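In: The amino acid sequence is not available; the structure is as follows:
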């Protein structure tokens, strides 16, 4: 999707390229197109205004970095390269009129559109998964939500044995919150690590005071009278009292915008070898895209 973008779409100097998503895919696309074409480029994000390093969010929570420290480019970089940045939540693509519509009912016209909406935390239909105090950890919004959710929390449950789960465990422990880490597999990160390495990582996690439980799955998340999470019920009938549940069981393509706009969606936004969707002039790339 990088330097082939301008060539594939025959972008003219008068054209307007709109990119929905300012993650690594959206920003790489914008920078590579700028090398090829003087066309107008607008990058839209419903998170922060500026591109930032997503893996560094944990260090912001742990007070080791500020958001500005995670931004690879100076603020003047975008004006210098004539890349317009806009914050807003895009809710629909109107391909017939070649415009996108925002949640505030404003609109923006485009000649070429790139969907680069990335991923979102998985949810598997657990009862109570949308209760206050239950959340994933992926976005800047999630970071802000976690700052609010940890207030008064003494014990948290993390569901899902992957890297994000380890990050959240370290983050919570930095605030002196006890953590129970539930992994449904026999070993930690079993789909990636061989048993010996998984055992090494698991022992390291346990050494740092995390209650790591293998072959354990939740059946439901329950609330107290106030409506906030109070405990998780396990499939073996056990219960764990907690005030916070972090859902870190992987991510899936964020196809909400595409699906609402008539773009063909399977697991991800369906594209061909040229990154084209079924809508003329609309492309998709990155974690949200799926090749035919």
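Out: Sure thing, it's come through. Predicted, not measured: the structure shown is a model, and the values here were computed from it.
In: show me where pLDDT drops low in this structure?
Out: Confidence mapping of the chain against pLDDT under 70 gives the ranges 1-9.
In: Helix, strand, or coil at residue 246?
Out: Three-state call for residue 246 (DSSP: H, G, I helix; E, B strand; the rest coil): strand.
In: show me what contacts it?
Out: Shown in contact with residue 246 (Cβ atoms under 8 Å, 6 or more residues apart in numbering): 135, 136, 137, 156, 157, 158, 159, 165, 168, 172. For glycine as for every other residue, the C-beta is placed from the backbone atoms N, C-alpha and C.
In: same thing but at 6 Å, please
Out: Under the criterion of Cβ atoms under 6 Å, 6 or more residues apart in numbering, the contact partners of residue 246 comprise 158, 168.
In: got a list of contacts for the host helix or strand of residue 204?
Out: Secondary structure here is read from DSSP states H and E; on that basis residue 204 sits in helix 195-207. Residues external to helix 195-207 that are found in contact with it (Cβ under 6 Å, 6+ apart): 187, 188, 212.
In: Where do the strands of the stretch 101-250 of the chain begin and end?
Out: Residue ranges of the strands in the stretch 101-250 of the chain, as given by DSSP state E, counting those that start in this stretch, are 107-109, 112-115, 119-121, 134-135, 155-159, 178-182, 211-213, 218-223, 229-234, 239-241, 244-247.
In: Which residues does the third one contact?
Out: The reference is to strand 119-121. With contact meaning Cβ under 6 Å, 6+ apart, strand 119-121 is reached by 136, 138, 247, 251, 254, 287.
In: Equivalent analysis for the fourth one, please.
Out: Under the contact criterion Cβ under 6 Å, 6+ apart, strand 134-135 has outside partners 145, 221, 229, 245.
In: of all the residues you listed, which two lie farthest apart?
Out: Farthest apart among the contacts of strand 134-135 by Cβ to Cβ are 145 and 221. That separation is 15.9 Å.
In: Show me which of the two is the more surrounded one.
Out: The residue with the greater number of neighbours, taking residue 145 and residue 221 and applying other Cβ atoms under 10 Å, is residue 221; the counts read 23 against 16.
In: And the more buried one, how close does it get to residue 247?
Out: With distances defined as Cβ to Cβ, to the nearest Å, the gap from residue 221 to residue 247 amounts to 9 Å.
In: From residue 116, how far out is residue 261?
Out: Distance of residue 261 to residue 116, given as Cβ to Cβ: 14 Å.
In: Repeat that for residue 106.
Out: In terms of Cβ to Cβ, residue 106 sits 20 Å off from residue 116.
In: Same drill for the two, tell me which one is more crowded.
Out: When neighbours are counted by other Cβ under 10 Å, residue 116 comes out ahead of the other of residue 106 and residue 116, with 29 against 10.
In: isn't that one right next to residue 287, touching?
Out: No - between residue 116 and residue 287 there is no contact under Cβ atoms under 6 Å: 8.5 Å.
In: With distance to residue 208 added, can I get the contacts of strand 134-135 in JSON lines?
Out: Supplementary listing: these in JSON lines, determined by distance: Cβ to Cβ, whole Å:
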{"residue": "145", "distance to residue 208": "25"}
{"residue": "221", "distance to residue 208": "25"}
{"residue": "229", "distance to residue 208": "24"}
{"residue": "245", "distance to residue 208": "20"}
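In: And the contacts of strand 119-121, which is closest to residue 269?
Out: The shortest separation between residue 269 and any of the contacts of strand 119-121 is 9.1 Å, and it belongs to residue 254 (by Cβ to Cβ).
In: who's in contact with that closest one?
Out: 117, 118, 119, 120, 288.
In: Now tabulate those residues in CSV and tack on distance to residue 265.
Out: Rendered in CSV, the data for those read as follows (distance: Cβ to Cβ, whole Å):
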residue, distance to residue 265
117, 11
118, 15
119, 14
120, 14
288, 9
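In: would you list those residues in JSON lines and tack on neighbour count?
Out: Written out in JSON lines, the entries for the contacts of residue 254 read as follows (neighbours: other Cβ atoms under 10 Å):
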{"residue": "117", "neighbour count": "26"}
{"residue": "118", "neighbour count": "22"}
{"residue": "119", "neighbour count": "19"}
{"residue": "120", "neighbour count": "18"}
{"residue": "288", "neighbour count": "27"}
